[in-house]
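Colleague: Build the 3D model from these lines:
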Amino acid sequence: MITQIKRIYLLLWIFTIPGQSVFTQHSSRNNFTGTWETPASWDPTWPVPRTNIDPYDITINGYITVYGSLSFTGTSDLIINDTLVIQGNLFLDNNSDLTIDDEGILIVRGNLTMHYHAEIIADGYLIITGDIDKHGPNYDGSLTSNDDPVKVFVGGTISPGDLTDNESDYPVLDCTSPPTTPYANSTCSYGDMTDIINDPIYSFFQSTCTKTNVNSNSPVCTGNTIELTSSGGTGYNWSGPNGFASTIQNPSIPNTNTTMSGDYIVTVTAVTGCSVTDTINVIVNALPLVSITSSSNTKCLNDTITLTGSPIGGTFIITDGPGTINGNVLSAAGTGKINLVYNYTDVCANKASQAISVNAEPVANSGPDQELKFIFETYMNAELSAPVTGEWSLISGSGHMSDFQSPTTRVTELTTGENKFLWTVRHGNCEASAEVKITVHDLFIPSVITPNGDGKNDYYKISEMRSRVELIIFNRWGNEEYSNSNYLNDWDGRNDNGKELPNDTYFYVLKFDNGKVKKGSVLIKR
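Modeller: Model prediction:
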């Protein structure tokens, strides 16, 4: 008796070792989609989900996927109330049973192996893409269903072959005298992979082949590389725009352009032999056409330039030179060249650059104003030094420049009175200007002389006689009384013979070396 008690304690100790749990039942969470290997799929949480099941039962109440094979041994049973997809094989040992309830679905993308007394009740869907292999006497175990036609589809062979005429224990597999409505292609109670195409389960069945996990690095920019990725199989067949084709799992497409945008399709062949097709849309964006617009490529030291970048939303950066920028307003801190860049970044990035020369403000010195006494030409006295250029223009009056770009040009054809000129200097697009005034005073020509010897107004004196002048005097009848080709302001009212002319009004003609002629009258009054 003591020995038996010790054995009981020993067994209890074995099954209660710290860190170990004894389970009699594992159930997937209700209406939960997950993987067998994830602890969170189970309620309560199964810390280390096993795929070799012994000696407890499994109930499926959600949509569970096994990325491998399952093995049930001992007296372990599998009960499916919802959906179980096995991406591998299913093994049922001697006393392990499988029950698929009316709303249940079991998809085995591999082989089903049954030993001896294993029993299967397929009141829901049972889909085996591989073979069914029964070990032990044919009349051990069973495979039954309450449906007509049954919802069982087998893609491979059934062995031993006489299971297909065992109506009593395996009516679902009967091909000799099907007890239920036979399928068109298999002619058996069960359907094959051609028959399943016409069954409502087919689209869902296809979706369980594998997870393709197709992806890309879209969107990409022109000139970059498209990276396509997929998984879930052993074979990959890609197609896409411009005749693209590849059998690489994760192909790369370099030097892209916008014509490469579109749907890329991959057909993935799983390890189980099934294939699934998935699509990823790839967008190749053109690089933005980035440009800089400014009022000028040169600026003056004290001016500002408003820059415009296209497309809007980019950033201006000065890479070199004496400048500062606030938003899009450029200011100079000195003369020289300012190099700037406009960076535009959205889905794709691009940049444009521009160089702007900064010139010092020129100073305009047009020279002093001039006053001339009956002189109608002169020389300008402006200042100019390289690299500054200058140019004369007429504001008012008259004048002809022999070289309007020379600071000391000769100006002729002035008129009496005020003549205004503008001297404009430029350094790049920087300019300054200054005026100069040239005033030409007319001659003073007396209208009366009183040659009586009192020393006052005794002579016909013309002011500012700086060149040779010819004087001719006519009486009122047009007769010439006096002439002097080199008049020296010494006519005192006498004729050419030295005789005093009587008091009267006389008419004069003055001829100057510059070709000007003046005419008028003078009164002799003694």
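
Colleague: now the end-to-end length of stretch 218-238.
Modeller: 16 Å (C-alpha to C-alpha, to the nearest Å).

Colleague: so where is the stretch 51-200 of the chain shaky, pLDDT-wise?
Modeller: Low-confidence segments of the stretch 51-200 of the chain (pLDDT under 70): none present.

Colleague: switch to 90 and redo it
Modeller: 55, 67, 74, 116, 136-140, 161-162, 165-168 (pLDDT under 90).

Colleague: I'd like the distance between Gly273 and Gly155.
Modeller: The spacing between Gly273 and Gly155, counted by C-beta to C-beta, to the nearest Å, is 9 Å. C-betas here are computed from N, CA, C, even on glycine.

Colleague: what's the answer for Thr267, then?
Modeller: 19 Å.

Colleague: Between these two, which is the more surrounded one?
Modeller: When Thr267 and Gly155 are compared on other C-beta atoms under 10 Å, the one with more neighbours turns out to be Gly155, at 22 against 16.

Colleague: quick one, what contacts that one?
Modeller: Taking C-beta atoms under 8 Å, 6 or more residues apart in numbering, we find Gly155 in contact with Ile128, Thr129, Gly130, Asp192, Met193.

Colleague: so which of those is the most crowded?
Modeller: When neighbours are taken as other C-beta under 10 Å, the top entry among the contacts of Gly155 is Ile128 (24 neighbours).

Colleague: Test my guess that that residue contacts Ile120.
Modeller: No. Judged on C-beta atoms under 8 Å, Ile128 makes no contact with Ile120 at a distance of 10.5 Å.

Colleague: could you dump stretch 428-442 to CSV, C-alpha only?
Modeller: Extracted in CSV, the C-alpha atoms of stretch 428-442 (Å, rounded to 0.1, in the frame of the first residue of the first chain):
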residue,chain,number,x,y,z
GLY,A,428,25.9,95.5,-63.8
ASN,A,429,22.3,96.4,-63.2
CYS,A,430,23.3,99.0,-60.5
GLU,A,431,23.1,102.6,-61.7
ALA,A,432,23.3,106.2,-60.6
SER,A,433,22.9,109.4,-62.4
ALA,A,434,23.7,113.1,-62.0
GLU,A,435,22.7,116.3,-64.0
VAL,A,436,25.0,118.9,-65.4
LYS,A,437,23.8,122.3,-66.6
ILE,A,438,25.4,124.3,-69.4
THR,A,439,24.1,127.8,-69.7
VAL,A,440,24.9,129.8,-72.9
HIS,A,441,24.5,133.6,-72.4
ASP,A,442,23.7,135.6,-75.5
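
Colleague: for that stretch, which positions count as buried?
Modeller: Gly428, Cys430, Glu431, Ala432, Ala434, Val436, Lys437, Ile438, Thr439, Val440 (16 or more other C-beta atoms under 10 Å).

Colleague: And for stretch 450-459?
Modeller: Thr450, Pro451.

Colleague: one step back: got the buried residues of stretch 428-442 as a markdown table, with secondary structure and distance to Lys299 columns?
Modeller: Formatted as a markdown table, these follow (DSSP: H, G, I helix; E, B strand; the rest coil; distance: C-beta to C-beta, whole Å):
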| residue | secondary structure | distance to Lys299 |
| --- | --- | --- |
| Gly428 | coil | 8 |
| Cys430 | strand | 8 |
| Glu431 | strand | 12 |
| Ala432 | strand | 15 |
| Ala434 | strand | 22 |
| Val436 | strand | 28 |
| Lys437 | strand | 32 |
| Ile438 | strand | 35 |
| Thr439 | strand | 38 |
| Val440 | strand | 41 |
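
Colleague: CSV please, covering the residues you listed and showing pLDDT and distance to Leu523.
Modeller: Shown next, in CSV, are these (pLDDT from 0 to 100; distance: C-beta to C-beta, whole Å):
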residue, pLDDT, distance to Leu523
Gly428, 78, 64
Cys430, 85, 61
Glu431, 88, 56
Ala432, 92, 54
Ala434, 95, 47
Val436, 96, 40
Lys437, 97, 36
Ile438, 96, 34
Thr439, 96, 30
Val440, 93, 27
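
Colleague: Tell me which two in those residues are the farthest apart.
Modeller: Greatest spacing in the buried residues of stretch 428-442, by C-beta to C-beta: Gly428 and Val440 (36.5 Å).

Colleague: The helix or strand hosting Leu471: partners in the sheet, and parallel or antiparallel?
Modeller: For Leu471, the element it lies in under DSSP states H and E is strand 469-474. Note on strand 469-474: by DSSP bridges, its sheet partners are strand 480-484 (antiparallel), strand 504-512 (antiparallel).
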